[in-house]
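>>> Next input, structure requested:
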Amino acid sequence: MSAELGGRVAIVTGGARGVGRGISERLLEAGAEVVVCGRTEPDALPECDGRTASFAAADVRDPEAIATVVAHARDRHGRIDVLVNNAGGAPAADAATASPRFHDKIVALNLLAPLHFSQQANAVMQEQPDGGCIVNIASVSATRPSPGTAAYGAAKAGLLSLTQSLAVEWAPKVRVNALTVGMVATELADLHYGDEAAQARVAATVPLGRLATPADVGSVCVFLASPAAGYVTGASLLVHGGGERPAFLGAVDG
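Modelled structure (predicted):
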């Protein structure tokens, strides 16, 4: 799919670091022009074969800031074909003691921000003859218990529901899909999975035997944004290496 997205324009929220950077680099590799946004500009922007993403500063929880990113992409490239709602995450917190303000911010980042960004991107895409597509980056935390990040898991579950609803409302011009992403090895993996030895033990619990790379997630985004996925909307694709071995099997095996 090295040229599947030639001439297309993509926005990737949180697209300069971690999973977002892998998504941005794969979109660039596929031929798209890429705009990334975040609260602070990184030292180095995603690039591929001499082509570099552009940057627009924004806190995606602020609808006015979202509007500046959409205007930047449209003014610079004349169109918006792809939106990847990647920005998200949550620090660990006890649901029993975390403040209401903490929970509000987690839900705002992981659910409301994708809704507001999608709304503004859709307004542009609906005016284009060939519409566009939106990809929401969800998490396996949406489909299983998420102890320590309860508000995050609930927000991501809401994002999966939102994906299905928007796919119906905005068809046929705009396709809306989600990725249910498992554990990913990023530059911050040690914060989630421990040191190198601990990460190896975590990876051994995945049927494919390793954590995902950001590029793995990016490749699926390229597919969903490409003509090959032209009849795919309202879907959630599992990108989790086969999931997790059921805990009861360990008890059976002793």
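>>> contacting residues around residue 186?
17-19, 214 (C-beta atoms under 8 Å, 6 or more residues apart in numbering). The way it works is simple: take the backbone N, C-alpha and C, and place the C-beta from them, glycine included.
>>> Show only the entries of those residues found in helices.
Residues of the contacts of residue 186 located in helices (DSSP state H): 18-19, 214.
>>> Using a markdown table, please lay out those residues together with neighbour count, pLDDT and distance to residue 97.
Compiled in a markdown table, the ones in helices among the contacts of residue 186 are given as follows (neighbours: other C-beta atoms under 10 Å; pLDDT from 0 to 100; distance: C-beta to C-beta, whole Å):
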| residue | neighbour count | pLDDT | distance to residue 97 |
| --- | --- | --- | --- |
| 18 | 20 | 95 | 28 |
| 19 | 29 | 97 | 29 |
| 214 | 22 | 97 | 33 |
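>>> quick one: the helices in the chain?
According to DSSP H, the chain carries its helices in the segments 18-29, 63-77, 100-107, 113-125, 150-169, 189-193, 196-203, 214-225, 247-253.
>>> What residues sit buried inside the second one?
By neighbour count with 16 or more other C-beta atoms under 10 Å, helix 63-77 contains the buried residues 65-66, 69-70, 72-74, 77.
>>> contacting residues for the residue nearest to residue 19 when sequence neighbours are not counted?
Sequence neighbours aside, residue 214 is the residue nearest to residue 19 in space, at 4.8 Å (criterion: C-beta to C-beta, 6 or more residues apart in numbering). Counting by C-beta under 8 Å, 6+ apart, residue 214 touches 18-23, 25, 184, 186.
>>> same thing but 7 Å
18-19, 21-23, 184, 186 (C-beta atoms under 7 Å, 6 or more residues apart in numbering).
>>> Look up how far residue 8 lies from residue 118.
Plainly put, residue 118 is 17 Å away from residue 8 if you go by C-beta to C-beta, to the nearest Å.
>>> Let me fix that, I meant to ask about residue 180.
Separation of residue 180 from residue 8 (C-beta to C-beta): 24 Å.
>>> Count the neighbours of the closest residue to residue 67 other than its chain neighbours for me.
Distance criterion C-beta to C-beta, 6+ apart; nearest residue to residue 67, sequence neighbours excluded, is residue 120 at 6.2 Å. Residue 120: 18 surrounding residues under other C-beta atoms under 10 Å.
>>> Give me the distance between residue 120 and residue 63.
From residue 120 across to residue 63, the span is 8 Å (C-beta to C-beta).
>>> now this structure, which segments are flagged as low pLDDT?
1-3, 254 (pLDDT under 70).
>>> Out of the contacts of residue 214, which is nearest to residue 124?
When the contacts of residue 214 are compared for distance to residue 124 (C-beta to C-beta), residue 23 wins out at 19.8 Å.
>>> Surely that closest one touches residue 17?
No: using C-beta atoms under 7 Å, residue 23 is not in contact with residue 17; the gap is 10.8 Å.
>>> Okay, the residue nearest to residue 67 and residue 35: tell me how far apart.
Separation of residue 120 from residue 35 (C-beta to C-beta): 13 Å.
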